[in-house]
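Kindly return the folded structure for what I paste below:
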Amino acid sequence: MADLPPARLRLCKPPFYSTGVDCFGPYTVKIGRRAEKRWGIIFKCLTTRCVHLDLLGHMNTDSFLMALRRFIARKGKPFELLSDRGTNFIGGNKELLESYKSLTPDLQAALAKQKIFFQFNPPHAPHFGGTWEREIRSIKIALETTLGAQTVSEEVLRTVMIEIEGILNSKPLGYVSSDIADPDPVTPNLLLMGRHDASLPLVTYPDSELHSRRQWRHSQILSDHFWAHFIRNYLPSLQSRQKWRTDNPNLQPSTVVLVLDPQLPRSQWSVGKVISLHPSKDGRCRVADVQVKDRTYTRPVAHLVPLPALPDPP
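The predicted structure is shown next:
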């Protein structure tokens, strides 16, 4: 297993200096008498574990850029954004670069320090963004169990999302005091606001209020259900310990490999040759370029299976 990347170790930087971003969903909301889809987007600070959640109306570049503007207005501009190769993220990076290049040279020099650097994971490598992917998994499981098949209004879904953000940002990270009985651990909210959890006093409503017309009470019951499933399903999983203990040799150029591709039709196999490697700072190779017929693909080593060489004929 590799060492932590530099984005996880910005210890002297403000929250969200290095941020991972991803989308999840969709969720169905009621708009009048019709139903529409909405997607969630998560911005996660890779150092302080702070989380920012928002809703997207569409999975396109415009919706992502508007969500990014809302995020920057509330939490500040990140130095770098790490994400997968979603078309909305790549399109957003392209739009920002084109806007920057259209400025005069004087403005480009003045705004050079304000640029956001996008870092994209290799294709088909969601484990490269495990920090925020694991957060999305816990959110999705609890939300699916909480909402079930019911369709809520967009305002209720947005309220539940922000309540979930408060729950995630109140998770203890560690203690400053040497007294283990200190009731005030360090939380992401403390790093963001300079104070401990500032949520409103909780009011418990019965489950019968799920069918009430009071959307305020409806949103609070859904938030309570999320908290119950979060405690029951997510927190116990933090006790498991999984490590990669075996040391495998690096791939070598010209190695013939089988490319794992779940999108291929049944009984179709993609075999190619490694033409170049992308070693990490620790010298381990985790990404490689593979030539399959007349095309070249970039794939994580976890999706490449070296094939044994056939013996020379006698």
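
I figured Ile90 hits Phe120, correct?
Yes: checked against C-beta atoms under 8 Å, the pair Ile90 and Phe120 is within contact range at 7.1 Å. Just so you know, the C-beta spots here come from the backbone N, C-alpha and C atoms, and that holds for glycine as well.

For Phe118, what is the enclosing helix or strand?
Assigned by DSSP states H and E, Phe118 belongs to strand 117-120.

partners of that strand in the sheet?
Strand pairing for strand 117-120, determined by DSSP bridges: strand 80-83 (parallel).

For the stretch 151-300 of the chain, which segments are assigned as strands?
152-153, 256-259, 270-279, 285-292, 295-300 (DSSP state E, counting those that start in this stretch).

could you dump these to TSV with distance to Ser83, mean neighbour count and mean pLDDT?
TSV is the format used below for the strands of the stretch 151-300 of the chain (distance: least, C-beta to C-beta, whole Å; neighbours: other C-beta atoms under 10 Å; pLDDT from 0 to 100):
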stretch	distance to Ser83	mean neighbour count	mean pLDDT
strand 152-153	28	18	84
strand 256-259	23	17	85
strand 270-279	18	15	88
strand 285-292	16	19	89
strand 295-300	16	16	90
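
so what's Val29 closest to, chain neighbours aside?
Among residues not flanking Val29 along the chain, Glu154 sits closest, at 4.3 Å (C-beta to C-beta, 6 or more residues apart in numbering).

distance of that neighbour from Leu55?
The spacing between Glu154 and Leu55, counted by C-beta to C-beta, to the nearest Å, is 7 Å.

Please apply the same query to Glu98.
Counting by C-beta to C-beta - Glu98 and Leu55 are separated by 26 Å.

quick one, which of these two is more surrounded?
Leu55 (18 against 9; other C-beta atoms under 10 Å).

related to what we said a few turns ago, name the residues contacting each of Glu154 and Leu55.
Common neighbours of Glu154 and Leu55 (criterion: C-beta atoms under 8 Å, 6 or more residues apart in numbering): Arg38.

How about residues contacting stretch 131-139?
So stretch 131-139 is contacted by 8, 20-22, 24, 40, 42, 44, 46, 51, 53, 126-127, 164, 168, 230, 233-234 (C-beta under 8 Å, 6+ apart).

Out of those residues, which end up buried?
Listed as buried from the contacts of stretch 131-139 are 20-22, 24, 40, 42, 44, 46, 51, 53, 164, 168, 230, 234; burial here means 16 or more other C-beta atoms under 10 Å.

So which of these is the closest to Lys75?
Nearest to Lys75 among the buried ones among the contacts of stretch 131-139 is Val51, at 10.2 Å by C-beta to C-beta.

re the thing from before, now intersect the buried ones among the contacts of stretch 131-139 with the strands, please.
20-22, 24, 40, 42, 44, 51, 53 (DSSP state E).
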